[in-house]
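A.B. asks: From the sequence below, what's the structure:
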Amino acid sequence: MHQIRKRPVPAHIALPAGCTALLAVGAAAAGSGGRLGAIGVLALAAVVVTAVAAVAEPLAGPVIGVIGWFTAAGFSQRPYAQLRLTGPDGIRAALVLGTCAVLGVITGGLVRILAPSFRLWIVDMRGEGQPEVSFPAGIRGRRQLAGVLLAAAGLPLITLTLVAPRANLSLADDLLIYLVAVVVIAVVGGFWPAVLAAVTASLLLNWYFTKPLHTFTIAEPRNLLALLLFVTVAVTVSSVVHLAARRAGQAARSNQDAAALLALAQTVLSGPDTPVSVLGHLTSTWGGRAELIEQAGGQWVLVAVSGQEPVPGGSGRPGRPTRILVRPGLALMVSGQSPPITPRLLDGFAAQAGAALDRDRLRTQAAQAEALAEGNRMRTALLAAVSHDLRTPLASIKASVSTLRQTDVRWAPADEASLLATIEDGADRLDALIGNLLDMSRLTTGSLRPFLRATSIDEVAPVAQHGLGSAVSVQLLVPDGLPLVRTDPGLLERVLGNLFSNALSHSPPGQPPVLRARQCGASVVLEVQDHGPGVPDQLKERIFEPFERLDERGTGNGVGLGLAVAKGFLDAMGGTVAALDTPGGGLTMQVTLPVAATPATSPAGADQ
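C.D. replies: Predicted coordinates:
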């Protein structure tokens, strides 16, 4: 089933077809030898006029009615092709065909108004859901007015020139001159000024150049045939010119649409690939408002929006929104665009917006999956840490305490001191492990807020060394006059403590780690050096990842969070850390901190 066409057939298509049909009626009457009488000619002309007036634009009705009147009056009886407009046949043809033209226009208008209520198998062969074929105007506005003025001034001037005493031209020459004038008017003003000029030129030719002169009666049949052919050719040429102008306009609009789609593709490729960016490009170019809506739970929900609905009286075009279905359950709604956007371009924007929405959701799902994978990895590592690294010191503490509580054994002071040292060492290891786990949790959740202020390295480094125990030896080489750094003293102490602990665990006996400090431009560089086995270049980035332990580098104590926590703290404080090779063998952790501009406190937050 298809809907009846709601729009009329353009006059530049209907009139040439109608003129050709009427010319065929006249030729059939002349060739029938009298068998097709006046009633038959009038009936056929009435059918043609009624049909054309019903399907064509309303302005085409009077024109086809006049041409049908000429046909019926000239071919109703022998001798054929004599135009007898004032005779009985002419008057009857005028009444009948005038009535048919009016009834055709009214019927066509009513059918188009009531078309949404009817469904037929044929008439409009477009598919369901596809936009209706439209016939945009080729020439409008000032050019049409210029064509009418040219016809009003040019045709009388041509007539005066041709009726001059010295203008001895045949009717064929006169017809060709008027035809050239009609073509020029069609080029300038389009179809309707050319039709008006063709009808006017035919009347002028009939009045001034066909015998008997100064009457609308045509004595010679060939002259009437020539006039009918002139009108048909003039209308056809005007239609061709109109179609050429319309095709040129369509080509220009297609170029604009292609340029707009190219700009949209560049926006999607070079900018944020989101539905909002696509809608923003639409509204920034054409104005108005654009919404991407999705059906959820039986209701349409707004997904993305851009632009504002123009207010009445403004520069935009407020009106009924246009909905373009992207796919079932997803649609694009636009309104207020000036000038209006073509359906093809709207389809392109709708498809791009839908694709951008899908890609945006895929990115969100990928990020969520990555976060879940990272959480699973964290949980797995924590379970491994709890099952081994936390249970080991707990087991040593438990064994030492159970040994000391035995009542049937008297321990020597040295043995008792050794057991207490084991308990203390296990408790320190537990404290360090739990502290690093808590610090990593703060970094992961983003709850860490450093309190930045001017700090001296001489104050922080000894405290970090002392926190590792009195027996720990780290050589501190901090020059006098080293500028203050802008950092959080507490967090920097934890950073240095983790770096010291990592260096101590991999330093051979008799070669303690060294802390070297120096100024480098607007930064202070701290280097914690050890002379252990070092780290291969391809693994230097991995050692800062959580739960990353390289078995070939040390004893394996800890859960692999010390360097990750140190890097996280430095990133939060605006510093950096990098792993380098120590000259002579070993690993150097290079920390860079910004120099404090003034010793005044510059808080950036607070959370310790």
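A.B. asks: Which residue ranges of the stretch 1-150 of the chain form strands?
C.D. replies: Secondary structure of the stretch 1-150 of the chain by DSSP state E, counting those that start in this stretch: the strands cover 2-3, 119-120.
A.B. asks: and what of the chain?
C.D. replies: 2-3, 119-120, 289-296, 299-307, 317-327, 330-336, 453-455, 475-477, 485-487, 514-520, 523-529, 576-581, 587-594 (DSSP state E).
A.B. asks: ranking these by burial, who's on top?
C.D. replies: Burial of the strands of the chain is given as mean neighbour count (mean count of other CB atoms under 10 Å); strand 485-487 ranks first at a mean of 26. C-beta coordinates here come from the backbone N, C-alpha and C atoms, glycine included.
A.B. asks: helices or strands up against it?
C.D. replies: strand 453-455, strand 587-594 (3 or more CB pairs under 8 Å, 6 or more residues apart in numbering; DSSP states H and E).
A.B. asks: Now tabulate these in CSV and tack on distance to residue 177 and mean pLDDT.
C.D. replies: Listed next are those as CSV, based on distance: least, CB to CB, whole Å; pLDDT from 0 to 100:
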stretch, distance to residue 177, mean pLDDT
strand 453-455, 99, 91
strand 587-594, 91, 92
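A.B. asks: how about those, which one is nearest residue 403?
C.D. replies: Distance to residue 403, taken as CB to CB, is lowest for strand 587-594 among these, at 37.8 Å.
A.B. asks: how far off strand 523-529 does that closest one point, in degrees?
C.D. replies: For strand 587-594 against strand 523-529, the angle by axes from the mean of the first three to the mean of the last three CA atoms, to 10 degrees is 160 degrees.
A.B. asks: Please name the nearest non-neighbouring residue to the residue nearest to the spatial centre of the chain.
C.D. replies: Ranked by distance to the mean C-alpha position of the chain (CA atoms, centre = their mean), the top residue is residue 278 at 2.8 Å. The shortest distance from residue 278 to any non-neighbouring residue, by CB to CB, 6 or more residues apart in numbering, is to residue 353 (4.5 Å).
A.B. asks: That neighbour contacts residue 333, correct?
C.D. replies: No - no contact is recorded between residue 353 and residue 333 when judged using CB atoms under 8 Å, the distance being 10.8 Å.
A.B. asks: overlap in contacts of the two?
C.D. replies: residue 292 (CB atoms under 8 Å, 6 or more residues apart in numbering).
A.B. asks: tell me the contacts of residue 541?
C.D. replies: With CB under 8 Å, 6+ apart, residue 541 has these contacts: residue 579.
A.B. asks: quick one, phi psi at it?
C.D. replies: phi -80, psi -30 (degrees, to the nearest 10).
A.B. asks: And for residue 534?
C.D. replies: phi 80, psi -180.
A.B. asks: pLDDT below threshold where in the stretch 451-600 of the chain?
C.D. replies: Within the stretch 451-600 of the chain, the stretches with pLDDT under 70 are 469-472, 546-560, 598-600.
A.B. asks: quick one, what contacts the nearest residue to residue 44 once chain neighbours are set aside?
C.D. replies: In space, residue 44 comes closest to residue 25 once its chain neighbours are excluded; the distance is 4.7 Å by CB to CB, 6+ apart. Applying CB under 8 Å, 6+ apart to residue 25 gives the contacts 41, 44-45, 48, 71, 75.
A.B. asks: now do residue 359
C.D. replies: Taking CB under 8 Å, 6+ apart, one finds residue 273 in contact with residue 359.
A.B. asks: Would you mind giving the helices and strands packed on strand 485-487 as JSON lines with distance to residue 303 added?
C.D. replies: As requested, the helices and strands packed on strand 485-487 are exported to JSON lines (distance: least, CB to CB, whole Å):
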{"stretch": "strand 453-455", "distance to residue 303": "47"}
{"stretch": "strand 587-594", "distance to residue 303": "44"}
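A.B. asks: For residue 186, find the nearest of the ones you listed.
C.D. replies: Across these, residue 186 has its closest neighbour in strand 587-594 (78.7 Å, CB to CB).
A.B. asks: In the sheet, which strands lie alongside that closest one, parallel or antiparallel?
C.D. replies: strand 523-529 (antiparallel), strand 576-581 (antiparallel) (DSSP bridges).
A.B. asks: so can I have TSV of those strands showing distance to residue 154?
C.D. replies: Shown next, in TSV, are the strands paired with strand 587-594 (distance: least, CB to CB, whole Å):
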stretch	distance to residue 154
strand 523-529	87
strand 576-581	85
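A.B. asks: For residue 362, find the nearest of those strands.
C.D. replies: The nearest among the strands paired with strand 587-594, by CB to CB, is strand 576-581 at 33.6 Å.
A.B. asks: neighbouring contacts of the closest one?
C.D. replies: Residues contacting strand 576-581 (CB under 8 Å, 6+ apart): 495, 527, 534-535, 540-541, 543-544, 563, 566-567, 570, 587-592.
A.B. asks: for stretch 528-540, how far is the first residue from the last?
C.D. replies: 15 Å (CA to CA, to the nearest Å).
A.B. asks: I'd like the numbering to begin with 765 instead of 1 from here.
C.D. replies: In the new numbering, first residue 765, that becomes stretch 1292-1304.
A.B. asks: Can you point out the buried residues in it?
C.D. replies: Within stretch 1292-1304, the residues that count as buried by 16 or more other CB atoms under 10 Å are 1292-1296, 1298-1299.
A.B. asks: gap between it and the chain center?
C.D. replies: 51 Å (CA atoms, centre = their mean, to the nearest Å).
A.B. asks: Same check on stretch 956-967?
C.D. replies: With CA atoms, centre = their mean, you get 48 Å for stretch 956-967.
A.B. asks: and residue 1266, what does it touch?
C.D. replies: 1326-1327, 1353.
A.B. asks: please redo it, this time with the cut-off set to 7 Å
C.D. replies: For residue 1266, the contact set (CB atoms under 7 Å, 6 or more residues apart in numbering) comprises 1326-1327.
A.B. asks: if we can go back for a sec, turn the strands of the chain into CSV, columns for distance to residue 1125.
C.D. replies: Listed next are the strands of the chain as CSV, based on distance: least, CB to CB, whole Å:
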stretch, distance to residue 1125
strand 766-767, 37
strand 883-884, 39
strand 1053-1060, 11
strand 1063-1071, 10
strand 1081-1091, 14
strand 1094-1100, 12
strand 1217-1219, 44
strand 1239-1241, 54
strand 1249-1251, 41
strand 1278-1284, 47
strand 1287-1293, 43
strand 1340-1345, 36
strand 1351-1358, 40
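A.B. asks: among the ones you listed, which is nearest residue 906?
C.D. replies: strand 1081-1091 (21.9 Å).
A.B. asks: Dump that closest one to CSV, restricted to CA.
C.D. replies: Extracted in CSV, the C-alpha atoms of strand 1081-1091 (Å, rounded to 0.1, in the frame of the first residue of the first chain):
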residue,chain,number,x,y,z
ARG,A,1081,12.6,29.4,12.3
PRO,A,1082,10.6,28.1,15.2
GLY,A,1083,8.3,25.3,14.2
ARG,A,1084,7.4,21.7,14.5
PRO,A,1085,10.5,19.6,15.2
THR,A,1086,11.6,17.1,12.6
ARG,A,1087,12.3,13.6,13.8
ILE,A,1088,14.8,11.3,11.9
LEU,A,1089,14.9,7.7,13.0
VAL,A,1090,18.4,6.5,13.4
ARG,A,1091,17.4,2.9,14.3
